[in-house]
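Asker: pasting the structure only:
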């Protein structure tokens, strides 16, 4: 099963497109949020529309049906009426706004989409302000499989449609969407919807869901839930909560937490000591688990000294199989660094030497100072050590008009590693 | 709300009076040049140059093996913009250094009203603990909470004449590393009566609070009656306290009733109702296990959170509604989330 996201201006007709493809009306989702950062990541926020993509052999046609349809219906293409269609793919459409994808990605640290349909309405100018942001979202999510739909072509004249088609090609040049097919469609009239289905089946590979790799979880909270003044043998170990990126965590498993205990001495030198400990419990919401897989936010009870986890002390750290975790880096060299100006600024502004940035690597946030920049390479000194690996994608933000604003992204090519002298066993 | 009520909540106003039941604090008036540095939007965010060789960032490491990989030279070929003139505040830095030493070497900073709780992610320790002026500057300038102090303090006031106070102050408060987040509470006062108490760290269930609730309530009420009631100028306000292991109650902060003050486990309507009905104190805590929720340290760029009018979320929702009207569908769907 692969998941596709539809992103783009709602006015571009997202729901109509999904309906046209699946024949099923998407159910409206309700978003809830609060002023503080305590947003619910409940994936039920997004409604899935499940769709079966089918083709009859030789018919060269692709159709999509709602998931209730039988698996092998008769083909309705003239000349092929006696052929049965074959189920090629289950596709789920997640209808959600661009910002929400970003939020889920940032906070869950894992891509939840395998491809994206980017919608542009033919009767509006391209690019709309949000289109570039949506492309940014797509890039941060590391989506490679994009199909651009030029919707509502029935509402405009042919030459206008062609001009816009060209404008779109130009706009996506050099972006992650470069080379993506641009398919003119009319969702209302179901024009070219079969072409879209064909692209989805042929161009977007089914991804692997990884339950096999050594487990890896980013810590986004940590607590000490003990009562002060307790008996020594009643101590509950520290609890860490976060998002499992891959693999499976099990009760009684031995795990490692990196960077671990981080200490900066009076001369400004930093040392860290990874923590080795054992899982005693796993929970999600009110449910106790024996094992936990990627998806959702999981609480991990351990045998760690609770002072190590008190008051979110371990936020930003990584938890996983002993000996399987990446290096701890104190500075990074990034490649593929691209910065875009914010809407107000317009132009691309270069990174300044000594400038302080916010970095987001999955759900980790850290600060960095720009040491040097050349073309699309950047060298950054981190405000605190981070456990991460080459190839990780990083979102860069700077202070603009008294807020942190996303300005670009880059990929880790190398970093200076922090050596451990010993480990801390709990 | 009147500006006087907002002004009484500034730390330089209330601390002298409540010193004996608060955390040890040294308060410095900030020179306008530093305030301008915090507000600056022209140049890039650079930390001030230290006159005592301190840096908020840890020392760089030079591993011989890694160095070979580092082709980005830091001399010529480096294309980073050179900043025009890096900022520096020698006098302020030295005064602050002295105060940090007096307070035991570790402090947490606060401006007139707010501390930079939302920028803890950027500090090396992941906490608000600062041992140098450089670390303080890093936290202050990275914080969105402080923008409230700097630019919007009087936004909700009916009689406002200025958009900012005449002076800004930096309070350095002694840092205690063993503070328990579950022992901080917000108390709501209306007409000089305590009407509500709420756990401050509302994202987690702490079993100890269930057990000790009535003891805690007594301690808090006593502090209020003995030290706060009729002592603080406003009739309606909130105050935050911390209960130590040996059951002393410390005042941490004062905030106005309503406006930008978060009601935490209450809504302002409920508190208003409690006040009007003259009910006894309503003490709310998180009473059962809940799932993991993201906290303040999962910092994301503002673009993803801005829900104000004109923001991406706001525009999006308006378009969703318009789209549904156009499609002739009613916006009530199944219950989601």
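Answerer: On my side now, so go ahead. Please read these numbers as outputs of a predicted model, since none were measured by experiment.

Asker: spell out which parts of the stretch 151-300 of chain A neighbour chain B.
Answerer: Contact residues, the stretch 151-300 of chain A versus chain B (CB under 8 Å from any CB of the partner chain): A:220-221, A:223-229, A:241-242, A:262, A:264, A:267-270, A:283-286, A:297-299. For the C-beta atoms, the positions are set from N, CA and C on the backbone; glycine is no exception.

Asker: report the buried members of these.
Answerer: A:220-221, A:223-227, A:241-242, A:262, A:264, A:268, A:270, A:283-284, A:297-299 (16 or more other CB atoms under 10 Å in any protein chain shown).

Asker: strands - which of the residues of the stretch 151-300 of chain A next to chain B land there?
Answerer: Among these, the ones falling in strands (DSSP state E) are A:220-221, A:223, A:241-242, A:262, A:264, A:270, A:283-284, A:297-299.

Asker: so where's the stretch 151-300 of chain A shaky on pLDDT?
Answerer: Across the stretch 151-300 of chain A, the ranges flagged by pLDDT under 70 are A:175-176, A:203-212, A:228-234, A:295-296.

Asker: all strands of it, in order?
Answerer: With strands called from DSSP state E, counting those that start in this stretch, the stretch 151-300 of chain A shows them at A:182-184, A:216-223, A:239-246, A:249-250, A:254-264, A:270-284, A:287-289, A:291-292, A:297-302.

Asker: most packed of those?
Answerer: Stretch with highest mean neighbour count among the strands of the stretch 151-300 of chain A: strand A:216-223 (a mean of 26; mean count of other CB atoms under 10 Å in any protein chain shown).

Asker: just checking: what are the partner strands of that strand?
Answerer: Here strand A:216-223 is paired, per DSSP bridges, with strand A:239-246 (antiparallel), strand A:318-321 (antiparallel).

Asker: what's the closest non-adjacent residue to residue 199?
Answerer: All of this refers to chain A. In space, and not counting its chain neighbours, residue A:199 is closest to residue A:147: 5.2 Å by CB to CB, 6 or more residues apart in numbering or on different chains.

Asker: nope, chain B
Answerer: Residue B:199 sits nearest to residue B:285 (CB to CB, 6+ apart), 4.5 Å away.

Asker: how near is that neighbour to residue B:183?
Answerer: Look at residue B:285 and residue B:183: by CB to CB, to the nearest Å, they are 11 Å apart.

Asker: return the residues of the stretch 101-250 of chain B in contact with chain A.
Answerer: The stretch 101-250 of chain B has residues B:118, B:121-127, B:138, B:141-142, B:144, B:147, B:150-151, B:178-181, B:202-208, B:211-212, B:245 near chain A, with proximity defined as CB under 8 Å from any CB.

Asker: looking at residue B:285 and residue B:183, which one has more neighbours?
Answerer: The neighbour comparison of residue B:285 against residue B:183 (other CB atoms under 10 Å in any protein chain shown) goes to residue B:183, with 22 against 19.

Asker: part of a helix, is residue B:54?
Answerer: No. Applying DSSP: H, G, I helix; E, B strand; the rest coil, one finds residue B:54 to be coil, outside a helix.

Asker: low-confidence stretches in chain B?
Answerer: B:63-81, B:83-84, B:303-308, B:310-337.

Asker: the helices in it, which residues?
Answerer: B:3-8, B:11-18, B:32-39, B:64-67, B:90-102, B:133-142, B:145-151, B:207-223, B:268-277, B:312-327 (DSSP state H).

Asker: for the third one, give me every contacting residue.
Answerer: The reference is to helix B:32-39. Residues from elsewhere that reach helix B:32-39, judged by CB atoms under 8 Å, 6 or more residues apart in numbering or on different chains: A:402, B:48, B:87, B:89, B:92, B:137, B:140, B:141, B:146, B:150, B:151, B:168.

Asker: between helix B:90-102 and that helix, find me the angle.
Answerer: With axes from the mean of the first three to the mean of the last three CA atoms, to 10 degrees as the basis, helix B:32-39 and helix B:90-102 are set at 80 degrees to each other.

Asker: how far does helix B:32-39 sit from the chain's center?
Answerer: Relative to its parent chain, helix B:32-39 has a centroid offset of 19 Å by CA atoms, centre = their mean, to the nearest Å.

Asker: now that helix: buried residues?
Answerer: Buried residues in helix B:32-39, counted by 16+ other CB under 10 Å: B:34, B:35, B:37, B:38.

Asker: now do that helix against helix B:133-142, angle only.
Answerer: Going by the same axes, to 10 degrees, helix B:32-39 makes 50 degrees with helix B:133-142.

Asker: same deal with the fifth one?
Answerer: Between helix B:90-102 and helix B:133-142, the angle formed by their directions is 110 degrees, by the same axes, to 10 degrees.

Asker: ok, residues contacting helix B:90-102?
Answerer: Helix B:90-102 is contacted from outside by B:26, B:28, B:30-31, B:34, B:48, B:50-52, B:106-107, B:130-133, B:136, B:170, B:172, using CB under 8 Å, 6+ apart.

Asker: next step: the residues you listed restricted to strands.
Answerer: Using DSSP E, the subset of the contacts of helix B:90-102 located in strands is B:26, B:28, B:107, B:170, B:172.

Asker: just send the strands paired with strand A:216-223 back as a markdown table, with distance to residue A:197 too.
Answerer: Converted to a markdown table, the strands paired with strand A:216-223 look like this (distance: least, CB to CB, whole Å):
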| stretch | distance to residue A:197 |
| --- | --- |
| strand A:239-246 | 30 |
| strand A:318-321 | 39 |
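
Asker: between these, which gets nearest to residue B:294?
Answerer: With CB to CB as the criterion, residue B:294 lies closest to strand A:239-246 of the strands paired with strand A:216-223, at 9.1 Å.
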